[in-house]
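>>> take a look and give me a structure for this.
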Amino acid sequence: MTVTLNIEPDLKQQMSMEARQRGIELEQYIVDSLREYSTMIQTTEAALLKNINEGFSDSFWRTYHRLVKKRNSSSIKNEELDLLIEMTEQIEKSNVKRLESLSELAVLRETDLLSLMSQLGIKAPSYA
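As a prediction, the model looks like this:
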């Protein structure tokens, strides 16, 4: 496949210099650079998707919901309340990390956050 690129003169000069330093033709340098960029994008997307999909175990959620019920019924002990606060902080930190990863992925894919969430099947919480 043949592709024609219009490269600004200063960029072409820089790329030509880097190609010469590597001992390869400019065309090969461009192809190699595109491959490296493509690999980097795929690796970055994979890491972001991993962060987005990371969650807590079922036992974590069972404990969390049990403690919330106890707190709501005013039957929670101090130690349990401390654990609930700690778990809530973990959830909040995880949500921040998830949102940061979603935002980065949206930029990478050149889309807005809500469109990306829709593409990934992620619904905003009903209380938001």
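
>>> buried set for stretch 62-72?
63-64, 67 (16 or more other Cβ atoms under 10 Å). Bear in mind the C-beta positions are built from the backbone N, C-alpha and C, glycine included.

>>> ditto for stretch 20-30
Under the neighbour-count criterion of 16+ other Cβ under 10 Å, stretch 20-30 has 29-30 buried.

>>> how long is it end to end?
End-to-end span of stretch 20-30 (Cα to Cα, to the nearest Å): 12 Å.

>>> which of the buried residues of stretch 62-72 lies closest to Ile52?
Tyr64 (20.3 Å; Cβ to Cβ).

>>> would you agree that closest one is in contact with Glu89?
No - contact between Tyr64 and Glu89 fails when scored by Cβ atoms under 8 Å: they sit 11.6 Å apart.

>>> low-confidence stretches in this protein?
For the chain, the stretches with pLDDT under 70 are 127-128.

>>> switch the cut-off to 90
Applying pLDDT under 90 to the chain flags residues 1-5, 7, 123-128.

>>> burial of Leu105, as a residue count?
Neighbours of Leu105 under the rule other Cβ atoms under 10 Å: 22.

>>> residues touching it, list them.
Counting by Cβ atoms under 8 Å, 6 or more residues apart in numbering, Leu105 touches 45, 48-49, 52, 116.

>>> if you set the cut-off to 7 Å instead, what comes out?
45, 48, 116 (Cβ atoms under 7 Å, 6 or more residues apart in numbering).

>>> how close does the last one sit to Arg98?
Leu116 is 12 Å from Arg98, where distance means Cβ to Cβ, to the nearest Å.
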